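okay, structure incoming, though there's no sequence with it:
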């Protein structure tokens with residue numbers, strides 16, 4: 001059951017990430033760096049010079065971006081990985097593979113304190129910016145296609161993915177690396193001793209091999225993890241803890257991906273926020289969960305962002321944008337924003353299917369940003 005659950009989760013992870021990232025007519029991701037907004041638009045990458053309001057466009061696939069500590073901007077697209085430094089894009093050879101065997105793309109970027117860049121796809125690999133060395137940490141795992149018996153079962157007629165998914169890698173404060181091993185479970189890797197601990201599908205994950213979508217470590221040292229289908233888990237004092245949310249037990253909701261976690265955030269007060277795909281937003285105050293706003297199906301909460309003033313922004317693909325400040329939620333219902341970025345002078349940008357927006361604090365409105373005007 002663990003492997004079958006992981007196979008189905010793998011399909012949903014690809015669909016989730018694709019729907020979140022691939023926006024050829026809009027803005028799927030914004031990164032601010034050194035006076036520029038780097039825009040990921042699905043079918044191209046763009047650099048917006050904020051001082052001159054000039055735009056440079058690069059015609060290659062861009063699904064997910066990452067700003068490294070050394071200032072390099074990484075872009076993962078279909079079949080290719082690129083990095084921007086010294087005022088130009090460079091293609092990098094990384095072993096990536098999509099979970100259907102034909103779609104090749106990076107699903108997540110991360111970075112460890114030693115400067116290594118970690119790329120998650122159907123494999124997990126690292127890139128050393130100092131040497132250019134590429135190392136495969138978790139190779140692509142091929143799954144044999146089941147052979148139907150004389151009386152085929154329901155799942156025998158479904159085309160199953162050929163390889164598994166590796167979600168984002170995460171470095172904890174103690175230096176340990178957390179990631180998932182395809183079809184097996186969650187791994188904690190102590191890289192100083194090379195010791196690995198594995199929690200398999202039956203170790204508190206209800207028989208499903210877990211595929212993470214996000215890791216965070218809170219101020220108290222706990223590790224929080226959002227999963228495909230399975231909601232939120234917390235690692236505290238050597239034990240995994242999870243919570244059952246309303247309707248989470250419904251098989252229909254699980255298959256629809258309702259309790260797939262799209263984002264996790266700890267605010268400056270220590271509260272943990274979680275966004276579920278088509279199942280709303282909730283906040284943990286240390287003792288209980290509280291629903292925030294009306295982001296139920298068919299809405300798609302995508303991103304949680306805390307700005308420099310401590311305001312929590314909730315980006316949704318279908319039901320507007322939420323602004324949570326001083327215990328009050330304000331909605332901007334006719335807006336689709338799935339990515340936020342704030343500049344050092346506190347300008348807040350948002351991007352989504354309708355393009356690039358700038359928040360006007362005086363009028364409390366999101367306004368289209370006039371690129372090139």
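The structure has been received and is ready for your questions. Keep in mind it's a predicted model, so treat the numbers as computed, not measured.

ok now stretch 41-55, how far from the chain's centre?
Stretch 41-55 has its C-alpha centroid displaced from the chain centroid by 22 Å (CA atoms, centre = their mean, to the nearest Å).

kindly apply the preceding question to stretch 202-222 instead.
Distance of stretch 202-222 from the chain centroid (CA atoms, centre = their mean) equals 14 Å.

stretch 325-345 now?
Here stretch 325-345 is found 18 Å from its chain centre; the criterion is CA atoms, centre = their mean.

return the set of buried residues in it.
Within stretch 325-345, the residues that count as buried by 16 or more other CB atoms under 10 Å are 331, 332, 335, 336, 337, 338, 339, 340, 341, 342. No exception for glycine: its C-beta is placed from N, CA and C like everyone else's.

against residue 32, how distant is the last one?
Spelled out, it's residue 342. Relative to residue 32, residue 342 is positioned 7 Å away (CB to CB, to the nearest Å).

and for the two, which residues touch both?
With contacts taken as CB atoms under 8 Å, 6 or more residues apart in numbering, residue 342 and residue 32 have residue 349 as neighbours in common.

any regions of the stretch 1-150 of the chain where pLDDT drops low?
Along the stretch 1-150 of the chain, segments meeting pLDDT under 70 span 1-25, 96-104, 142-150.

mind doing that once more with 90?
The stretch 1-150 of the chain contains residues with pLDDT under 90 at 1-26, 42, 61, 63, 76-80, 93-107, 121-123, 138-150.

do the same with the stretch 201-350 of the chain
Using pLDDT under 90, the flagged stretches of the stretch 201-350 of the chain are 201-211, 228-231, 242-260, 276-281, 285-301, 316-320, 333-335.

what segments of it are strands?
Along the stretch 201-350 of the chain, the stretches classed as strands by DSSP state E, counting those that start in this stretch are 212-217, 223-227, 231-236, 239-242, 261-266, 272-276, 280-284, 289-291, 301-306, 312-316, 321-325, 328-332, 339-342, 348-352.

mind giving me the packing neighbours of the one helix or strand residue 358 maps to?
Following DSSP states H and E, one finds residue 358 within strand 355-360. Under the contact definition 3 or more CB pairs under 8 Å, 6 or more residues apart in numbering; DSSP states H and E, strand 355-360 sits against strand 348-352, strand 365-368.

run through the bridge partners of residue 365.
Taking DSSP bridges, one obtains residue 360 as the residues bridged to residue 365.

distance of it relative to residue 323?
Taking CB to CB, one finds residue 365 at 11 Å from residue 323.

so for the two, which residue has more residues nearby?
More crowded of residue 365 and residue 323, by other CB atoms under 10 Å: residue 323, with 18 against 12.

please list all residues in contact with the residue nearest to that one when sequence neighbours are not counted.
Closest residue to residue 323 apart from its sequence neighbours, by CB to CB, 6 or more residues apart in numbering: residue 330 at 4.4 Å. Neighbour list for residue 330: 322, 323, 324, 364 [criterion: CB under 8 Å, 6+ apart].

highest neighbour count among those residues?
Most surrounded of the contacts of residue 330: other CB under 10 Å gives residue 322, at 23 neighbours.

which ones are touching that one?
By CB under 8 Å, 6+ apart, the contact list for residue 322 reads 281, 292, 293, 295, 312, 313, 314, 316, 329, 330, 331, 332.

can you check residue 224 too?
Residue 224 makes contact with 215, 216, 217, 218, 232, 233, 234, 235, 264, 266, 272 under the criterion CB under 8 Å, 6+ apart.

ok, these vs residue 372, which is closest?
Comparing these against residue 372 with CB to CB places residue 264 closest, at 36.0 Å.

any idea how far residue 347 is from the residue lying closest to that closest one once chain neighbours are set aside?
Once flanking residues are discounted, residue 264 sits nearest to residue 214: 4.5 Å by CB to CB, 6+ apart. Using CB to CB, we find residue 214 at a distance of 26 Å from residue 347.

which one of those two has more residues nearby?
Using other CB under 10 Å as the criterion, residue 214 and residue 347 rank with residue 214 on top: 21 against 16.

hang on, the more buried one packs against residue 266?
No - using CB atoms under 8 Å, residue 214 is not in contact with residue 266; the gap is 11.4 Å.

rewinding a little: quick check: bridge partners of the residue nearest to residue 264?
Taking DSSP bridges, one obtains residue 226 as the residues bridged to residue 214.

same check, this time on residue 189
With DSSP bridges as the rule, residue 189 is bridged to residue 177, residue 196.

I'd say it and residue 176 touch.
Yes - between residue 189 and residue 176 there is a contact at 6.4 Å, judged by CB under 8 Å.

can you list contacts of the helix or strand hosting residue 37?
Taking DSSP H and E as the criterion, residue 37 maps to strand 36-40. The contact list for strand 36-40 (CB under 8 Å, 6+ apart) reads 21, 27-32, 45-50, 62-65, 67, 73, 75, 84, 341, 349, 351, 356.

with that, I have no additional questions.
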